[in-house]
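Student: Need coordinates for the below:
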Amino acid sequence: MNVETRTRDGVRIVDVSGDVDLKGSPVLRKTLFGALKEAPKVALNLAAIRYIDSSGIAVMIEGLKEAQRLNRDFVLFGMSPAVLDVFKLTHVIRIFRVAETEEEALIA
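Tutor: Modelled structure (predicted):
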């Protein structure tokens, strides 16, 4: 798994690629929490994720709760059909704001 951050139009974008699993989840959590402290809005780019397990979903739920605690905006975007299926099967899709593209995420 690879995690990188960048800023666009005042939004901190966290780009995630590869497999989000138990091994990589702590890195994602650290990066996500750092981004939430730095910017009023964080957008998590999931377009390059090949696989996500329950630990990855848990990190995103923790990120959502941290965003709410800090009064920050938090949005997911770019979900592949496979990742979207995992979110739907685990019934967590409804708790997140989800955009299809980066542009939609910036204005969501």
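Student: Which stretches in this structure count as strands?
Tutor: Secondary structure of the chain (DSSP state E): strands at 2-8, 11-20, 41-52, 73-77, 98-99.
Student: Could you say which one of those strands comes nearest to residue 89?
Tutor: Ranking the strands of the chain by their distance to residue 89 (criterion: C-beta to C-beta) puts strand 41-52 first, at 11.1 Å. C-betas here are computed from N, CA, C, even on glycine.
Student: avg pLDDT for the closest one?
Tutor: For strand 41-52, mean pLDDT rounds to 96.
Student: Buried residues, that strand. List them.
Tutor: When neighbours are counted by 16 or more other C-beta atoms under 10 Å, the buried residues of strand 41-52 are found to be 41-46, 49, 52.
Student: where does this structure have its least confident helix or strand?
Tutor: helix 81-89 (a mean of 91; mean pLDDT, DSSP states H and E).
Student: Give the buried residues for it.
Tutor: Of all the residues in helix 81-89, those buried under the rule 16+ other C-beta under 10 Å are 83, 86-87.
Student: Any stretches of the protein with poor pLDDT?
Tutor: Within the chain, no range satisfies pLDDT under 70.
Student: Identify the bridge partners of the residue nearest to the spatial centre of the chain.
Tutor: Centroid-nearest residue in the chain, with C-alpha atoms, centre = their mean: residue 44, separated by 3.3 Å. Judged by DSSP bridges, the bridge partners of residue 44 are residue 14, residue 76.
Student: Test my guess that it contacts residue 59.
Tutor: No: Residue 44 is not in contact with residue 59 according to C-beta atoms under 8 Å; the separation is 9.9 Å.
Student: Run through who's touching stretch 41-49.
Tutor: Applying C-beta atoms under 8 Å, 6 or more residues apart in numbering, the contact partners of stretch 41-49 are 10-20, 32, 35-36, 52, 60, 63, 67, 72-80, 83, 99, 102, 105-106.
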